[in-house]
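the sequence isn't on hand, but the structure is:
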């Protein structure tokens, strides 16, 4: 078997960010899913006198983990773990290839094996490990397997179809699923919300203009306006009557909501847009389509993708094909090649239910790739673990990160036209959409490395700090990609029934910025003080902070507590004591911490779930920052990490602890299970939160405290 990105076997190998409800104690705590076996555990043998010494356990686990992490670095200096989401990525990839006429048997068979391997016992597919069946995901997976030749009479297909019918049929799926089905005549275009391409002309001050949407939604909506205008239908290779409750009435008429409600108002707006389609001037429509085409092509990245993420790429390829681009056109050819690079190939194992023999190829499509994020996190982890600041692995990583800074304006400049660029993106290629979270973490990483050219590092960091300060939203927090992207209208559109479509400030991103500014010499900058006040106001009554880009309150709290300490709050501050009390209260009996994604929908799940390496590490980072190093909770947490470590130095983590959209789109970052435990164990061993560990070069970089301009 081929080794995986995280070094384990049996997982895939290398080839989205809303507020939460109060954290109320559950009258009856939800059942915590059973933890998976630790595999080849590196637990200290029974009878070894070190077994009761947390420091000895941490040193042993830390050494193994550091060695494993160093071995994963690419020769160019970066790290990248697999980014696992759900099988809609694989299903939509096959549907795209079917639509374009480029689907082949080898790719289809390998993708089908991955889809089958993720089917649950009840015949469904979920959106995260251990989660409930999801209607839209199950429909898309079923269609993918039909494309692969699985017969509807097969037991696994009958089980899926029966569950779909029992839960509403195709009519109950999300809009995006029904768009894919409409491409082949399995759903009527007239029964979908209308998206006129003329919206590309709405000025930025007008409600529901493109820049009211988060960048990921904006990139998807523009090509979908083209698809909506053309309403293409390719010949369906088979029927899907078995997925309708009543094939004679696949979409029963539903009563509209009252006109005085938001839902009712937007339903009537959608009706007006459908009517407009029949009277739209042809010349006006053609001009809008030309501008949409130009918008799409201008935002294609150097590697052929769009925004470094899969959804805009697949819709952009369909849109451009409809606009007359042939498959040999450089734009389409580069786009398809970029999607091939998102494919992770592995070999099927003997005990895997993929439907093929052991060793058969299995193909998983990543929704995105995370080299910048993984590299800065790995750099921070290794310096926390005690690696010298001038270690070759760290200087190679710094060199690579320095070369990845985005130095040209992107869509963010619409809201900040006078702000010079200086951020980092998440992916290999994404110059249009650098994000604040990656930028903050890269600066934190660069601050740790003793580079041969400190003046270059200083220039790069000054540019990044200036850009980050300029991207602060009016309320004092930071969103991920845009400033002041807080309109409430986009979420109410009938089209937007899946995930987040706006990018308001979040506690986790803001915390990373506060940590970065504080460590870079700007603890007392007015922007930083405003952000600290905003974070304190965001604390939940129970003591936790909501996690937008990680699951969930453990992620938010693990980010905010160290940031507030770096910003100067004493460990005795009431907000920090409440956070500590909450973390101690939700610690599992095995000493670890875990949180199920159901906490995004049910506050009784806050901080509750099977212990995971990454979430245990987040809790430890908060407790260590709050001065709890010698406490029982930290001792038990360290022992849990040491006791569940694999012999090869990494950890098993099938659970999804990252998010693209809370609840709707979950992510298993395969490097999280390694970098965060290394960080937590390192800080336990070496003390503090990493602010004064002596690993960095001591360079002070920054901006004028008065207005944020570079000094």
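That came through, no problem. As the structure is a computational prediction, the values presented were derived from the model and not from experiment.

now do the buried residues in the worst-scoring helix or strand of the chain on mean pLDDT.
Scoring the helices and strands of the chain by mean pLDDT, DSSP states H and E places helix 262-279 at the bottom, with a mean of 84. For helix 262-279, the neighbour count (16 or more other Cβ atoms under 10 Å) marks 266, 267, 269, 270, 273 as buried. All C-beta atoms are positioned from the backbone trio N, CA, C, and that covers glycine.

roughly how far apart are the third one and residue 179?
Taken as Cβ to Cβ, to the nearest Å, the spacing of residue 269 relative to residue 179 amounts to 19 Å.

export the buried residues of helix 262-279 to a markdown table and append columns for distance to residue 393.
What follows is the buried residues of helix 262-279, written out as a markdown table (distance: Cβ to Cβ, whole Å):
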| residue | distance to residue 393 |
| --- | --- |
| 266 | 52 |
| 267 | 56 |
| 269 | 55 |
| 270 | 54 |
| 273 | 55 |
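
which ones are touching residue 339?
Contact analysis of residue 339 by Cβ atoms under 8 Å, 6 or more residues apart in numbering lists 93, 96, 305, 310, 313, 314, 317, 365.

mind running it again at 6 Å?
When contacts are counted by Cβ atoms under 6 Å, 6 or more residues apart in numbering, residue 339 touches residue 313.

in stretch 302-318, what counts as buried?
303-318.

over to it now: how far is its first residue from its last?
19 Å (Cα to Cα, to the nearest Å).

try stretch 240-256
Terminal residues of stretch 240-256 are spaced 27 Å apart (Cα to Cα).

buried residues in it?
For stretch 240-256, the neighbour count (16+ other Cβ under 10 Å) marks 240, 242, 243, 244, 245, 250, 251 as buried.

which ones are touching the fourth one?
Residue 244 makes contact with 169, 170, 250 under the criterion Cβ under 6 Å, 6+ apart.

do you know how far it is from residue 251?
Distance from residue 244 to residue 251, by Cβ to Cβ: 9 Å.

the fifth one now?
Taking Cβ to Cβ as the criterion, residue 245 is separated from residue 251 by 10 Å.

once you drop chain neighbours, what's closest to residue 208?
Distances taken as Cβ to Cβ, 6 or more residues apart in numbering place residue 489 nearest to residue 208, at 5.6 Å, with adjacent residues excluded.

give me the number of residues near that neighbour?
Residue 489 has 15 neighbouring residues, counting by other Cβ atoms under 10 Å.

so the closest residue to residue 625 other than its chain neighbours: helix, strand or coil?
Closest residue in space to residue 625, ignoring its immediate chain neighbours: residue 562 at 3.9 Å, by Cβ to Cβ, 6+ apart. Assigned by DSSP: H, G, I helix; E, B strand; the rest coil, the conformation of residue 562 is helix.

quick one on the thing from earlier: next up, phi/psi of the residue nearest to residue 208, please.
Main-chain dihedrals, residue 489, degrees, to the nearest 10: phi -70, psi -40.

give the buried residues for the strand or helix carrying residue 514.
Per DSSP states H and E: residue 514 is located in helix 507-519. By 16+ other Cβ under 10 Å, the buried positions in helix 507-519 come out as 507-519.

for the helix or strand just after that helix, packing partners?
With elements assigned by DSSP H and E, the helix or strand that comes after helix 507-519 is helix 526-538. Contact here means 3 or more Cβ pairs under 6 Å, 6 or more residues apart in numbering; DSSP states H and E; on that basis helix 526-538 packs against helix 507-519.

what's the angle from the helix it packs on to helix 526-538?
Per axes from the mean of the first three to the mean of the last three Cα atoms, to 10 degrees, the angle that helix 507-519 makes with helix 526-538 is 140 degrees.

for stretch 289-300, buried residues please.
Counting neighbours by 16+ other Cβ under 10 Å, stretch 289-300 gives 289, 292, 293, 295, 296, 299, 300 as buried.

same check on stretch 358-376?
Those would be 361-376, for stretch 358-376 by 16+ other Cβ under 10 Å.

pLDDT on it, on average?
Taken as a whole, stretch 358-376 has an average pLDDT of 94.

what's the end-to-end length of that stretch?
By Cα to Cα, the extent of stretch 358-376 from end to end equals 36 Å.

again, but for stretch 64-80
Stretch 64-80 has an end-to-end distance of 19 Å (Cα to Cα).

other residues contacting it?
7, 371, 374-375, 378, 385, 393, 396-397, 399-400, 648-650, 674, 678.

neighbour-wise, give me the winner out of those residues.
Most surrounded of the contacts of stretch 64-80: other Cβ under 10 Å gives residue 674, at 33 neighbours.

my guess is that one contacts residue 648. True?
No. Between residue 674 and residue 648 there is no contact under Cβ atoms under 6 Å: 10.4 Å.

which helices and strands sit right next to the host helix or strand of residue 136?
Residue 136 belongs to helix 135-147 when assigned by DSSP H and E. Helices and strands touching helix 135-147, by 3+ Cβ pairs under 6 Å, 6+ apart, are helix 88-100, helix 105-117, helix 155-166, helix 175-182.

pLDDT weak spots in the stretch 451-600 of the chain?
Across the stretch 451-600 of the chain, nothing is flagged by pLDDT under 70.

nope, the chain is what I was after
In the chain, residues with pLDDT under 70: 1-52, 351-352, 354, 688-711.

can we see that at 90?
1-54, 247-281, 302, 307-308, 310-311, 347-359, 488-501, 661, 663-664, 687-711 (pLDDT under 90).

strands along that one, start to end?
83-84, 343-347, 361-365, 658-661, 665-669 (DSSP state E).

for the third one, the distance to its chain's centre please.
So the one you mean is strand 361-365. Here the centre of strand 361-365 is set off from its chain's centre by 20 Å, with Cα atoms, centre = their mean, to the nearest Å.

with the second one instead?
On the basis of Cα atoms, centre = their mean, strand 343-347 sits 20 Å off its chain's mean C-alpha point.

strands paired with it, and their directions?
Here strand 343-347 is paired, per DSSP bridges, with strand 361-365 (antiparallel).

ok, the first one next?
Strands that pair with strand 83-84, judged by DSSP bridges, come out as strand 665-669 (antiparallel).

quick one, the partner strand and helix 88-100 angle?
Relative orientation of strand 665-669 versus helix 88-100 (the same axes, to 10 degrees): 110 degrees.

coming back round to it: any idea which of the buried residues of stretch 302-318 is closest to residue 556?
residue 309 (23.1 Å; Cβ to Cβ).

so how far is residue 505 from that closest one?
Distance of residue 309 to residue 505, given as Cβ to Cβ: 21 Å.

for residue 279, same thing?
41 Å.

now residue 520
Residue 520 is 20 Å from residue 505, by Cβ to Cβ.
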